[in-house]
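[1] What follows is a predicted structure for the sequence shown.
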Amino acid sequence: MKRRIFYLVLTVVVLYSAGPLIWQVLTSLKTDHELTRIPPLLPGSPTLTHYISVFEGRMFFRIMLNSIVVSSSTTVLAIMIGSLCAFGLAKLRVRYKPVILGFILSASMFPPIATVSPLFMMIKAAGLRDTWFALIITYTTFSLPLSVWILTNFFREVPDEIFRAARIDGCTSFQSYAKIILPLSAPGIFATAILVFIFSWNEFLYALTFTSTEDSRTIPVAIALFPGIHEIPWGEIAAASVIVTIPLLVLIFAFQKKIIEGLTAGAVKG
Amino acid sequence: MKNADKGTGFILPALLLLAAVTIYPLIQVINLSFQRRLLIFDVVEFVGLQNYIFLLEDERFRDALKNTAYFTTLSVLSELVLGLAFALLLNRTFFGKGVARAFILVPWAIPTVVSAKMWEWMYNTDFGIFNYLLGTKINWLGDPQWALNAAIFMDVWKTTPFVAIILLAGLQVIPRDLHSAARVDGAGSVSLFLSITLPLLKPVILIVVIFRCLDAFRIFDAVYVLTGGGPANTTETLSIYTYKVLFQTLQFGYGSTLAVAVFLCVGFITVAFIGLIGKRFVHS
Amino acid sequence: MKGSSNTISIFLILSVVFSLIAGCEKKVPESAGSGTVTIVFKHGKVPGDPEHMKRLLKKFEEQNPGINVIDETLPSTTDEQHQFYVINLEAGASDFDVISMDVIWVPEFARAGWLRDVSHLMSEEKRKDTFPGPLEAISFEDRFFALPWYIDAGLLYYRKDLLEELGFGPPETWNKLIEIAKAVSRGSDNLYGFIWQGKQYEGLVCNVLEYFWSNDGDVFRDGAVVLDSPQNIEALTFMRDLVVKYKVSPALVTTAVEESTRHIFGNGKAVFMRNWPYAWNIFDSDGSLIKGKVGVAPLPAFFGKSSASTLGGWQLGINRYTRHPEVAERLLNFLTSKKTQKYLALTVGYKPTLRSLYSDKDLMRQQPFMTGLHDIFMKARPRPVSPYYMMMTQVLQPEFSSAISGIKTPAAALRSAQRQVEHMLGANR
């Protein structure tokens, strides 16, 4: 009985979260003049035309590649730099800790729309316009506050005794960071990585400003290119967002499994 | 274990990157906020605090501040409650856990611009799914009573996964033997949650609340696409107002003043939270 | 297990390295050395098959050996394009040469010093042939800072079949529109009378001005702000009354934009709609529910006054910081030429800004609807042509929105707008 209630609640939660995406899938299969009629809820004669036209003449694969490279590079960099910093803050002696934490946080206190213009000038001066690098460096920077704060918290949860024991065994600080702290904080790292990855995947304002061609344009900007001056091809937008969301989910699902396996493996060893 | 300043080498890369990328824009924004700078009038002059004085009298700023505060409070509170519930649910062991977790992430994974457009259509009075399912004819985005709440509802849907995923990670590191020990002592689920889980989760909750407040207070894309700030500015947030002043009317000086105001508000909120519940986090 | 997580990390690290390398070797200007000049043309998305635009630019390249044109599309919402140009031009960016601009930006960009004066490209003949609206919109201090590319104007769409059934023609006055809308929609609760765009955005200003103008109202008269004139108050009150008093417009118009109204009308759920010409081709295409049942007319006016519609459309100008001004001018001339305008009219449906094309035989045969719009375009009026327009519209949008959604009375909203615009202009003059 209790189990049944649990699954019922779970179903409701999953439907609430995925409902709009399911709606999006249905929309993407509808013909143009069915799009804005309700009822019927389901597409009368499902069609793939919207999916086909997403790929027509748009270099959509290149754009997906851009997004994948930018987001995964950002994630790796942010986790590397962020976890080092978090380790220092959580386990080592650092002067002016509150000031540093405050400074890191202040990076995400200005509205992005106000900083985009000066940032653009810097990118332009560095000759990085329309490159992956411009986006990677910006995204890494702006995901540092979140990464550092979350990771600091998780690293702190690792008991000091383990850390001390490692020291006695002759581990350097860096070794205890790499061999003890990182594996033991896998859930925190995984959560942070997902958040950073999706943040970079979805970011629009900087991407719009720093990119200008298919060389570096990411998915949100590419989708913003679908509408005409007045006309909005809703079916195509729906198809494109389904195309980019589903691989993301598969990816997260796969990674999550790996990381949880890694976690249990590490726990057994440690 | 704490050697003198051993940590500096570890935190340096992060600090350098942050300094390299953010210092110039921050200084630039603050500098501009003291200027009267109107591109199309060839006006560039230092005016000291004049923009800030105008800010205090600016009714549109006051309204935007009110909207933003309302938006932030309501959305962050709802997200926290819902996110905690989701996290507790997903922390159990059950069949299909991985899939369920991935699905919970859906709203967070859809690009903001797309999901805002999607919600605009779902809110449509005539052919939107909400009115269809509810059997109503509500003008969700056009009725001043509804518009801001409709935007909040969308934001809660969109960002609850963010909250849930961090809290879930927090739950995972709580040692299970703590719970079993308490259970042996005869504690019920609710008292277990209140006496053990919640206190241990406090630092994570603090982080979530701070970062959600930071983001909610600076909300832009989602609401801008959904309503453009209308009707009659009832959904105009501080960032939307800043955007309009900066990029539509090209008043870089006053626009920057607004941005600094946002910065100060957000800073104040953060300090207040840390002072209220999180001293330990910063000082330990 | 261990192997696969290693694979993942290797992949990720490789992608970082790859991107760093790609970042460094980026974009050596192609013009260097080889003697060819590359110029970049920035514009919003062109409807239909992207091949049409490519073919056009190819033709230009053939006619002008040694010139290479890259066309780069911008996201289509006008706000995003405006923001893009502001950030880039303010930073003195020179990596695009010819840009397309909404009709309301030219004086602002010109005043900011971002555009080259292109008056010399506007021949006497071309000027005489251009509609008066766009001509006004591209001028600033008696010089031209852009050339018109295509034109747009507000129209009244109506359901020809339903009106004819009851023996009505298209209405010439607003009151007649109410009368017909009520008569036609009587008895069917699934048919709206009249829909238009009332969301707080630029489109709302376009709509409201049409009521002002068709009641002899205006924003400026002889240099003075006349926003709170009795004519304007009457006009704005009438718009609000369409919803609350006459009930021919549903409350949803206060959030409607072009596409939401177009879909409702396209689903056969409205008698009248105000929209731009783009909707016609969609209604007229196969699979449209209302194909052959739609008529188009000039917007109605208040009794005894004359109809007016708001001018839209896009203009082409040259980036002040371009490295190749002569080549850019050549491209500008080519893109706004009669030949190109005809080609774009036939292929992608852009409405030409040159009047003589409206009696062109091919166009009349293939796009009879378009050539029928000549008289409406003649009367299309630009929104106040002023570098301050973008500031003004930021005042007008919320005030108009508050009037039509019933937060303020129309008179109060207009008085407030009047005060703010006067203050703005006074402070900046």
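    Received the coordinates, thanks.
[2] how many neighbours does B:Pro175 have?
    Summarising burial for B:Pro175: neighbours were counted as other CB atoms under 10 Å in any protein chain shown, giving 11. Heads up, the C-betas are built off the backbone N, CA and C, glycines and all.
[3] tell me the pLDDT at it?
    At B:Pro175, the predicted lDDT confidence score is 74.
[4] swap in C:Ala91?
    Among the per-residue scores, C:Ala91 holds a pLDDT of 88.
[5] shouldn't it be in contact with A:Phe120?
    Yes - under the contact definition of CB atoms under 8 Å, C:Ala91 touches A:Phe120, with a separation of 6.1 Å.
[6] neighbour count winner among those two?
    Neighbours per residue (other CB under 10 Å) separate C:Ala91 from A:Phe120, with A:Phe120 holding more: 21 against 17.
[7] Please name the residues that touch the more buried one.
    For A:Phe120, the residues meeting the contact criterion (CB atoms under 8 Å, 6 or more residues apart in numbering or on different chains) are A:Thr209, A:Phe210, C:Ile87, C:Asn88, C:Ala91.
[8] May I ask which helix or strand encompasses the third one?
    Looking back up the chat, that one is C:Ile87. Under the criterion DSSP states H and E, the helix or strand holding C:Ile87 is helix C:78-90.
[9] residues from the stretch 151-270 of chain A in reach of chain B?
    With CB under 8 Å from any CB of the partner chain as the criterion, the stretch 151-270 of chain A meets chain B at residues A:153-154, A:156-157, A:160, A:163-164, A:167, A:173, A:177, A:185, A:187-188, A:190-191, A:194-195, A:198, A:201-202, A:204-205, A:219-220, A:223-224, A:232, A:234, A:237-238, A:241, A:244-245, A:248-250, A:252-253, A:256-257.
[10] and these, which are buried?
    Neighbour counting by 16 or more other CB atoms under 10 Å in any protein chain shown classes A:153-154, A:156-157, A:163, A:173, A:177, A:185, A:187-188, A:190-191, A:194-195, A:198, A:201-202, A:204-205, A:219-220, A:223-224, A:232, A:234, A:237-238, A:241, A:244-245, A:248-249, A:252, A:256 among these as buried.
[11] Please, where are all the helices along the stretch 151-284 of chain B?
    In chain order, the stretch 151-284 of chain B shows helices spanning B:176-184, B:189-192, B:198-217, B:221-227, B:238-243, B:252-277, B:279-283, with DSSP state H, counting those that start in this stretch as the criterion.
[12] likewise chain A?
    Assigned helices in chain A, in chain order: A:2-29, A:49-55, A:60-91, A:97-106, A:112-125, A:132-157, A:160-168, A:173-176, A:182-184, A:186-202, A:205-210, A:219-224, A:234-269 (criterion: DSSP state H).
[13] So what touches stretch B:86-100?
    A:6-7, A:9-10, A:13-14, A:253, A:256-257, B:101, B:104, B:160-161, B:163-165, B:167-168, B:170-172, B:193.
[14] same thing but at 7 Å, please
    The contact list for stretch B:86-100, computed with CB atoms under 7 Å, 6 or more residues apart in numbering or on different chains, reads A:9-10, A:13-14, A:253, A:256-257, B:101, B:104, B:160, B:164, B:167-168, B:171-172.
[15] Okay, now it: how far is its last residue from its first?
    The first residue of stretch B:86-100 is 11 Å away from its last residue (CA to CA, to the nearest Å).
[16] in it, what counts as buried?
    Of the residues in stretch B:86-100, B:Phe86, B:Ala87, B:Leu88, B:Leu89, B:Leu90, B:Asn91, B:Lys97, B:Ala100 count as buried by neighbour count, 16+ other CB under 10 Å.
[17] which one of those residues sits closest to chain C?
    When those are ranked by distance to chain C (CB to the nearest CB), B:Lys97 comes first, at 18.7 Å.
[18] Surely A:Pro145 is in contact with A:Ala107?
    Yes - under the criterion of CB atoms under 7 Å, A:Pro145 is in contact with A:Ala107, at a separation of 5.4 Å.
[19] ok, now which ones touch the residue of chain B found nearest chain C?
    Each residue of chain B has a distance to chain C, by CB to the nearest CB, and the smallest belongs to B:Gly230, at 2.4 Å. With contacts taken as CB under 7 Å, 6+ apart, B:Gly230 has the following neighbours: C:Lys199, C:Gln200, C:Ser401.
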